[in-house]
Each structure stands twice: as C-alpha cells, then as structure tokens.
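[1] One predicted model, sequence on top.
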Amino acid sequence: RTPRTPAEYAARERWLHHAAMAAHWRGDLSARQLSDVLAHRAGWDPRRHPAEQEIVLARVVRDGRLAVYRAAAERERDAWRAAELAAEAARALSAEAYAAAERLRPNRLPAPRRAGVGRPAVSLRWRPARVG
C-alpha cells in the first residue's frame, strides 16, 4: 500500500463526478441521485478506487431500471385487468339488453298476408353488438 496523494484523490473525485454526470445525461440517474453523488451523501465516497465507484454506480443504475420495469409491469397488469373487466361488463350489458328486447317482443304469431303479396311481412330483429 502506498500513501494516497491529494492529486490522486482529486482525480478519483473528478472521475466519480464525470461518471455520475454521464449517467444522469443518459437518464440512468435522477437529479436527486446526482446531487447525492456530487455532495458525497448516501454512501458515495470519492476516495474509493474508480473500479469500486463504477461498480456502485452500475448497481444504482441497475436498481433504478429494475424499479422502473416493475412499475411499468404493474401498470400493464392493471390496464389488462381494467380491459378484461370492461369486456365482461360489455358482455353482461349486451346479454341484459338482448333479454330485455326479448321480453318486449310480442308473441310470435304468423304475420298476416296481404292480398297480392306472396311474401310474409318482415319484422326487424334486434341484434346485440359483438364484443371481443
């Protein structure tokens, strides 16, 4: 072990600040995390070896990306649940509307024939909308 010089510590601090700024510009570090790095808070020690600093920085970036991924996956699951509930509600409403139309329909009696017309009168049928 050789004693560390102030120039070496200054170089390590510059390297840490440069790597943190680059990670922030890429969107890997938030502004709060960057301010922690620059202020040497939350475990950021510029006296560490640059390889150790790089490992810590990579872990912070990894954890941040994992948190973003998990949040996006949760939002996607919620959206799928909402879509499934909406489709089920649409099917139930369609079935209810069809049942109501069936109840209102008069009894099916043969249509009266008009003189001179060879076809029976055509009545319009209600059809539910397709869902899904």
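    Nice, I can see it.
[2] Could you use CA atoms for every contact and neighbour count after this?
    OK.
[3] where along the protein do the helices fall?
    Assigned by DSSP state H, the helices in the chain fall at 6-26, 31-39, 50-104.
[4] need these in JSON lines with mean pLDDT and mean neighbour count, can you?
    Below are the helices of the chain laid out as JSON lines (pLDDT from 0 to 100; neighbours: other CA atoms under 10 Å):
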{"stretch": "helix 6-26", "mean pLDDT": "94", "mean neighbour count": "16"}
{"stretch": "helix 31-39", "mean pLDDT": "94", "mean neighbour count": "16"}
{"stretch": "helix 50-104", "mean pLDDT": "95", "mean neighbour count": "13"}
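[5] Touching, Ala20 and Ser35? I think so.
    No - at 9.5 Å, Ala20 and Ser35 do not qualify as touching, with contact defined as CA atoms under 8 Å.
[6] Check the gap between the residue lying closest to Val37 once chain neighbours are set aside and Trp80 for me.
    Using CA to CA, 6 or more residues apart in numbering and skipping the chain neighbours, the partner closest in space to Val37 is Trp44 (5.6 Å). According to CA to CA, to the nearest Å, Trp44 and Trp80 sit 40 Å apart.
[7] before we move on, what about Glu96?
    Distance of Glu96 to Trp80, given as CA to CA: 24 Å.
[8] what do you get for Arg65?
    According to CA to CA, Arg65 and Trp80 sit 22 Å apart.
[9] So what does the residue nearest to Val37 have for phi and psi?
    Per-residue torsions, Trp44: phi -80, psi 110 (degrees, to the nearest 10).
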